[in-house]
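[1] Please find the sequence and the predicted model below.
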Amino acid sequence: DVKVTQSSRYLVKRTGEKVFLECVQDMDHENMFWYRQDPGLGLRLIYFSYDVKMKEKGDIPEGYSVSREKKERFSLILESASTNQTSMYLCASSRGTSFSRPLLSSYNEQFFGPGTRLTVL
Amino acid sequence: AQSVTQLGSHVSVSEGALVLLRCNYSSSVPPYLFWYVQYPNQGLQLLLKYTSAATLVKGINGFEAEFKKSETSFHLTKPSAHMSDAAEYFCAVRGGAQKLVFGQGTRLTINP
């Protein structure tokens, strides 16, 4: 079974702190994703990565950055946490395609971690 | 651009009753469509997916969904609700390059 783990289930930080959320997958997946989940808004994509050291902005990248130094690990960084970043953060991974860039014509299932509930005070 | 609308943020049914969760999509390309379920304090789990094969898709836990192109819909159904079905359900459409675009979610409550 694919396993996606996230470093913390619950996290409380103060405004202005630098926050690191870690995600690790054990299935050698090429693609990794960070979402935030808010009531009434569903899941929104923050950043994704389709290869080591590669990243692309999602729909709401402002206030966030990411790092992917190793294939199995994808980190989400809040450079200076703010109260409006209080949310549930979900990491996901999926198998890539045989090409260097993912193709629209194919799709591989995303597997999700349990989430990190971040509160910024 | 692709988008998904789930009608009804909360749905409540009695145990043993039909479950119907509604999802409409918009897509500029032939859609791949998904239903995910999130149980309390857990991540998302894939229930079923439509990828341009059969229009009636069967998933896990007795759920199924029917793709209707003319109605741009992909509603999720289960003939008989069980208490263990209480969860939040998300409809999603492929957003290009392996990405997903999610709906707002529907919280399903089962009454004994």
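    It's in.

[2] Look up how far A:Leu45 lies from the closest residue to chain B within chain A.
    Residue nearest to chain B within chain A: A:Phe112 (3.6 Å; C-beta to the nearest C-beta). Every C-beta, even on glycine, is put in place using the N, C-alpha and C of the backbone. In this view, A:Phe112 and A:Leu45 are 13 Å apart by C-beta to C-beta, to the nearest Å.

[3] give the contact list for the residue of chain A closest to chain B.
    By C-beta atoms under 8 Å, 6 or more residues apart in numbering or on different chains, A:Phe112 lies in contact with A:Val4, A:Leu90, A:Cys91, A:Ala92, B:Tyr36, B:Gly43, B:Leu44, B:Gln45.

[4] Going by neighbour count, which residues in stretch B:61-70 are buried?
    Going by neighbour count (16 or more other C-beta atoms under 10 Å in any protein chain shown), the buried part of stretch B:61-70 is B:Phe63, B:Glu64, B:Ala65, B:Phe67.

[5] Could you dump the contacts of A:Phe112 into TSV with neighbour count and distance to B:Pro30 added?
    Formatted as TSV, the contacts of A:Phe112 follow (neighbours: other C-beta atoms under 10 Å in any protein chain shown; distance: C-beta to C-beta, whole Å):
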residue	neighbour count	distance to B:Pro30
A:Val4	24	28
A:Leu90	24	27
A:Cys91	28	28
A:Ala92	25	23
B:Tyr36	24	20
B:Gly43	19	28
B:Leu44	27	24
B:Gln45	14	25
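
[6] Which ones among those residues map onto strands?
    Among those, the members found in strands (DSSP state E) are A:Val4, A:Leu90, A:Cys91, A:Ala92, B:Tyr36, B:Leu44, B:Gln45.

[7] low-scoring stretches of the chain, by residue?
    Using chain A. Applying pLDDT under 70 to chain A flags the ranges A:1-2, A:97-107.

[8] My question was about chain B, not that one.
    The model of chain B has pLDDT under 70 over residues B:97.

[9] Which single one of the ones in strands among the contacts of A:Phe112 is nearest to A:Thr15?
    Nearest to A:Thr15, judged by C-beta to C-beta, of these is A:Leu90 at 22.8 Å.

[10] is it true that that closest one touches B:Gln42?
    No. Counting by C-beta atoms under 8 Å, B:Gln42 is not a contact partner of A:Leu90; they are 10.3 Å apart.

[11] Check the contact lists of these two and give me the overlap.
    Residues touching both A:Leu90 and B:Gln42 by C-beta under 8 Å, 6+ apart: A:Gly115.

[12] Would you tell me whether the strand or helix carrying B:Thr77 gets close to chain A?
    According to DSSP states H and E, B:Thr77 maps onto strand B:73-78. No. Strand B:73-78 stays clear of chain A (C-beta under 8 Å from any C-beta of the partner chain), getting no nearer than 14.9 Å.

[13] Surely A:Gln25 and A:Ser49 touch.
    No. A:Gln25 is beyond contact range of A:Ser49, at 11.4 Å (criterion: C-beta under 8 Å).

[14] Show me the common contact partners of these two, please.
    With C-beta under 8 Å, 6+ apart as the test, A:Gln25 and A:Ser49 both reach A:Met32, A:Phe74.

[15] Quick one: name the residues of chain B near chain A.
    Residues of chain B lying close to chain A (C-beta under 8 Å from any C-beta) are B:6, B:9, B:29, B:32, B:36, B:41-46, B:49, B:51, B:90, B:92, B:94-105.
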